[in-house]
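**Student:** Turn this into a model:
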Amino acid sequence: MSRAEPVLPAAPTLRGALRASFADFYFNSGRLVGANVLWGFSLILLYVVALAWPLGAIVLAPLLALPTVGIFRIAALIVRGEPVSFRDGLAAWRRFLGPTLAAGVAGVAAVIVFGSNLISGLLSTEVVGWAFATFAAWALAVSGMAAMAFWPLLVDPARAAEPARRRSRLAGLLVVAFPVRFGALGIVLAAILVASTVAFAALVTISVAYCALVACRYVLPAADRLDARPPMIGR
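**Tutor:** Next comes the predicted model:
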């Protein structure tokens, strides 16, 4: 007798995640706006430091991951239907301090290394330089997708017992398993953030929190679905 296949969670859709996040934001606007404003204040402070001390801004840039993890923690609790308050975002700074700072350092390093390679390659007149630029562009895109998958999984209350290393591995598996879907998600979220940069008030008040909700609405069900799949070995 064959073993019954497990029932997989419903696959997330980008349209559904965008639509559900609007409702999430409406019913939790106070908490999310507060966390987003704290993130925006940190960004402005970093910009002020950059004007006076560019190297210092680079050194301090990984600390922006702290308000980022706070936003994602609130978003993940909302998506999981858990009780949530603004303090949950602040508590995430201490609870996920190590992985958060590591992710912040890795993100800043990726932007510096791949970004500089991209710029130098584009300015080059040789084919080798263009090849480096192409590689750097893809590396930046993959790094962005991995970060987009990592933050929701790091703060997921349903995975509280799992070590951060396993969550980071799962984030990588998601990007490898669904590169087109996560690429589309990354393009949409990047477009929202870029448009919000023009309307700067939106960036420092609502946009980052909304993008965190969309990411959680998409990543967490996708991870649940991937976890529920039976192993292929021996089948």
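
**Student:** Tell me which helix or strand the closest residue to residue 46 other than its chain neighbours sits in.
**Tutor:** Spatial nearest neighbour of residue 46, excluding adjacent residues (Cβ to Cβ, 6 or more residues apart in numbering): residue 57 at 5.7 Å. C-beta: built from backbone N, CA, C; applies to glycine. Assessed by DSSP states H and E, residue 57 sits inside helix 54-60.

**Student:** Restrict that helix to CA atoms and write it as PDB.
**Tutor:** Extracted as PDB, the C-alpha positions of helix 54-60 are listed here (Å, rounded to 0.1, in the frame of the first residue of the first chain):
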ATOM      1  CA  PRO A  54      31.700  58.900   4.700                       C
ATOM      2  CA  LEU A  55      33.800  56.100   6.100                       C
ATOM      3  CA  GLY A  56      31.900  56.200   9.400                       C
ATOM      4  CA  ALA A  57      28.700  55.900   7.500                       C
ATOM      5  CA  ILE A  58      30.000  52.700   5.900                       C
ATOM      6  CA  VAL A  59      31.000  51.300   9.300                       C
ATOM      7  CA  LEU A  60      27.600  52.200  10.800                       C
END
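
**Student:** Any buried residues in it, and which?
**Tutor:** 57, 58, 60 (16 or more other Cβ atoms under 10 Å).

**Student:** Quick check: buried residues in the lowest-mean-pLDDT helix or strand in the chain?
**Tutor:** The weakest-scoring helix or strand in the chain, judged by mean pLDDT, DSSP states H and E, is helix 200-202 (a mean of 90). Across helix 200-202, burial judged by 16+ other Cβ under 10 Å covers residue 202.

**Student:** what's next to it, contact-wise?
**Tutor:** Residues outside helix 200-202 that contact it (Cβ atoms under 8 Å, 6 or more residues apart in numbering): 195, 196.
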